[in-house]
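Engineer: With the sequence up front, the predicted model follows.
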Amino acid sequence: MSIDEDNKRRSAQRAAEEQAMAARSAAVRSGLHHVLDERGLVVAPKAELGETEILRKYMISAVENGLPEGVPEELRAELVGKAIDFAVPVEFLSEVFVNNKPLSRPDFEANASARDLDGEAVQVMEVFAPRLGAGTLIRRGRSNVFISRRLDEPLPASLILELLG
C-alpha cells in the first residue's frame, strides 16, 4: 500500500468516525429528558458513562450564553448563572473510581451512606468518573446512576428514581 492510499484510507476512516459520532450525538439530543431544581438543570441523555465526548457537553458550572444541544431554548433566561449537570445509568460499579482504583462492591458497601429519595431508600457515595470528574453514585438494589453533582449538592429525586428503574 502506498503512502497516498494509506492517507486516503485513514481520512475515510476519520470521516466515518466523525459521522458516527454526529449521528450518536443527534440521537442523544432528541427527546433529552431534564429536570430543573435550585442548582440548575439535570439532563438524562441516553448515553453511557464511557461516552465522555457526549456527556462533557452537559457539564456546565454556570450557563453564560449558549445552551448545549437538546436543551430547550426557552430555559435560557432561567439557567443563566446556574449549572447544567447530567445523570446516566451505570451498569457496573467498576465504571467509576474511588481512591484511584475502580469501585468494587465491598468498597461501596463499606463506604456508602444511606439516603432517602422521595421515600425510597438508596445508597450514595461520592466517586470519580474517568475523563469527566467527581460526582455521586446512587444505588438501589442492583441499579446504579451516576450524577455529575457532588454528594453535598441537591439530587433530583424523581429523575434519579426514574433512571434507577
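Structural biologist: Everything's here; your move.

Engineer: Show me the strands in this protein, by range?
Structural biologist: Remark: strands assigned in the chain by DSSP state E are 33-36, 40-44, 83-90, 97-98, 101-102, 113-117, 120-129, 133-140, 143-147.

Engineer: who does the fifth one touch, helix- and strand-wise?
Structural biologist: Contacts defined by 3 or more CB pairs under 8 Å, 6 or more residues apart in numbering; DSSP states H and E place strand 101-102 against no helix or strand at all. Quick note: C-beta positions are derived from backbone N, CA and C, even for glycine.

Engineer: Give me the distance between it and the centre of its chain.
Structural biologist: Remark: strand 101-102 is offset 18 Å from the chain centroid, using CA atoms, centre = their mean, to the nearest Å.

Engineer: Could you list everything residue 98 pairs with in the sheet?
Structural biologist: For residue 98, the beta-bridge partners are residue 101 (DSSP bridges).

Engineer: mind giving me CSV with the strands of the chain and columns for distance to residue 4?
Structural biologist: Converted to CSV, the strands of the chain look like this (distance: least, CB to CB, whole Å):
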stretch, distance to residue 4
strand 33-36, 47
strand 40-44, 44
strand 83-90, 42
strand 97-98, 44
strand 101-102, 44
strand 113-117, 59
strand 120-129, 41
strand 133-140, 42
strand 143-147, 45
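
Engineer: By mean pLDDT, point me to the weakest helix or strand of the protein.
Structural biologist: Lowest by mean pLDDT, DSSP states H and E among the helices and strands of the chain is helix 3-29, with a mean of 77.

Engineer: coming back round to it: to residue 61, which of the strands of the chain lies closest?
Structural biologist: Judged by CB to CB, the one of these that comes nearest to residue 61 is strand 83-90, at 5.6 Å.

Engineer: looking only at pLDDT, what's the mean for that closest one?
Structural biologist: Across strand 83-90, pLDDT averages out at 96.

Engineer: quick one: that strand to strand 143-147, angle?
Structural biologist: 160 degrees (axes from the mean of the first three to the mean of the last three CA atoms, to 10 degrees).

Engineer: What is strand 83-90 packed up against?
Structural biologist: strand 40-44, strand 143-147, helix 157-164.

Engineer: Make TSV from these and add mean pLDDT and distance to residue 66 to it.
Structural biologist: Shown next, in TSV, are those (pLDDT from 0 to 100; distance: least, CB to CB, whole Å):
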stretch	mean pLDDT	distance to residue 66
strand 40-44	95	14
strand 143-147	98	23
helix 157-164	95	23
